[in-house]
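**Q** Fold the stuff below for me.
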Amino acid sequence: MNDRAPVADWATDFDHLDPRWVEDPPSIWRELRQTCPVAHTDRFEGVYLPSRYEDIRAVAYDTEHFSSRRIAVREGKELLPPSPPVTSDPPAHRDDRRILLPPFTPQAVAKLEPRVRAICRELLEPLSNRSQCDVAVEYAQEIPTRVTARMLGISEFEGARFRKWVRDLLELGVADPGVVHRVFAELDAFFAQEIAKRRKAPGDDLVSYLLDTRLDGEPLNEEHISGTLRLLLIAGIDTTWSMIGASLWHLATHEDDRKRLAEKPDLIPTAIEEFLRAYAPVVVGREIVKETEIGGRRLRDGEMVMLAFGAANRDPAMFPDADRVIIDRTENRHAAFGLGIHRCIGSNLARMEIRIALEEWLGQFPDFILSAGAVVKWSAGTVRGPRQIPVTLRN
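**A** Here you go, the predicted model:
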């Protein structure tokens, strides 16, 4: 990605792998909103980028002109094996999504809270006698990795392998189709083994749940199960650890907000909604299957649209003081979990993990700051979040 040509003009040549996008995308969205609200690039074989909430929403809700069969803006146009329901279009999408609703209801998620809290405390214990740590690597990235693994009935300590798959697919794979194919092959082989194990010995996990699921009276085929498991592993890890990391980065760099949440933990759920709005990590793609118009611009079929939900969340037409993080903002209909039929199924789980992660961290370390001279690294690609956050713990 470092060998890519720098962006010459964000309105006509944008690139979400460019270092300027990685470091400060809100400034780019702000400029485009004022000068070219629906940008275009010839990179990635043609992509449009709406930057206003109303235009992003219009695309997300329009399943006639925009397909979800290609959900990532990346090099290469070939279709990958499906990962239902995120790659499903109507009418199949409704049933594909309905299958996954029961394990992610508020009631189902609440049953996981004790284990999530225990995981956080296990991670915090070895930090208690230290003055510094990397809160991204040693805390944020571990929580959703272990939780997702537990839900899938897989060892919680496969984290290194899972993180490599996530990084390879969502960062390196954007510029290298070969990496995507390798990761898909490795994931499918991994889940084929897990499926075979559950056929012999079912358990209380999502692999067994999908094996037991019926669609129109018939069991799901193995491609459907493997694709859904691939989605749950990748989507359940990176987006959530990115939000935990971004929230802790904000608190490490905003002393007033940190002190306020440490003193008033009841405000944490409201603050989380604002962190989700301000630091929404996800961009998704839609393939234009029928020429149409969005925001006064004609969109050609065969090209892609990139939906940066963070751009929607920073639109001042929708959110007063959109570029300010206001942790007690009460009216907050953000789009961090997406819009339309593909709104994130796992939003209840993600909110719970972020809430418990912040409650436990602030309970143990109410006073922490970004370390002097610290370099914070943010990821590029489909999901943006801090991958390295060196902090000083002031007990």
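**Q** Report the mean per-residue pLDDT for whichever strand or helix holds residue 123.
**A** Assessed by DSSP states H and E, residue 123 sits inside helix 113-124. Within the predicted structure, the mean pLDDT of helix 113-124 is 98.
**Q** Kindly report the same for stretch 183-196.
**A** Across stretch 183-196, the average pLDDT comes to 96.
**Q** What of stretch 310-330?
**A** Confidence over stretch 310-330 (mean pLDDT, whole number) is 98.
**Q** Okay, buried residues for it please.
**A** Judged by neighbour count (16 or more other CB atoms under 10 Å), stretch 310-330 contains these buried residues: 310-315, 318-319, 322, 326-327, 329. C-beta: built from backbone N, CA, C; applies to glycine.
**Q** tell me the pLDDT at residue 304?
**A** At residue 304, the pLDDT value in this model is 98.
**Q** Distance check, the closest residue to residue 152 other than its chain neighbours against residue 231.
**A** In space, residue 152 comes closest to residue 206 once its chain neighbours are excluded; the distance is 5.2 Å by CB to CB, 6 or more residues apart in numbering. Look at residue 206 and residue 231: by CB to CB, to the nearest Å, they are 11 Å apart.
**Q** Identify, from the buried residues of stretch 310-330, the entry nearest to residue 29.
**A** Distance from residue 29 was checked for each of these by CB to CB. The minimum falls on residue 311, at 4.1 Å.
**Q** ok, for that closest one, nearest residue in space, not its chain neighbours?
**A** residue 29 (4.1 Å).
**Q** did I read that right, the one you found in a helix?
**A** Yes - Residue 29: assigned to a helix according to DSSP: H, G, I helix; E, B strand; the rest coil.
**Q** Determine the number of other residues adjacent to it.
**A** Other residues near residue 29 come to 27 when the count uses other CB atoms under 10 Å.
**Q** How about the contacts made by it?
**A** Applying CB atoms under 8 Å, 6 or more residues apart in numbering, one finds that residue 29 lies in contact with 51, 308, 310-311, 314.
**Q** Same list (the residues you listed) but as TSV, adding secondary structure and distance to residue 187.
**A** Below are the contacts of residue 29 laid out as TSV (DSSP: H, G, I helix; E, B strand; the rest coil; distance: CB to CB, whole Å):
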residue	secondary structure	distance to residue 187
51	coil	33
308	strand	26
310	helix	27
311	helix	30
314	coil	33
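**Q** Residue 206 and residue 231: which has the busier surroundings?
**A** Set side by side, residue 206 and residue 231 show more neighbours around residue 206, with 25 against 21, by other CB under 10 Å.
**Q** My understanding was that the more buried one contacts residue 153; is that so?
**A** Yes - here residue 206 reaches residue 153: they are 7.1 Å apart, a contact under CB atoms under 8 Å.
**Q** Give me the distance between the nearest residue to residue 360 once chain neighbours are set aside and residue 297.
**A** For residue 360, ignoring the flanking residues on the chain, the nearest one in space by CB to CB, 6+ apart is residue 120 at 3.9 Å. Per CB to CB, residue 120 is found 46 Å from residue 297.
**Q** For the two, indicate the residue with more neighbours.
**A** For residue 120 against residue 297, the residue with the higher neighbour count under other CB under 10 Å is residue 120, and the figures read 24 against 15.
**Q** mind listing what the more buried one touches?
**A** Applying CB under 8 Å, 6+ apart, one finds that residue 120 lies in contact with 139, 143, 356-357, 360-361.
**Q** pLDDT score for the residue most central in space within the chain?
**A** Among the residues of the chain, the smallest C-alpha distance to the mean C-alpha position (CA atoms, centre = their mean) belongs to residue 239, namely 2.7 Å. With respect to pLDDT, residue 239 has a value of 95.
**Q** Let's see which of the buried residues of stretch 310-330 end up in helices.
**A** Cross-referencing the buried residues of stretch 310-330 against helices under DSSP state H gives 310-313.
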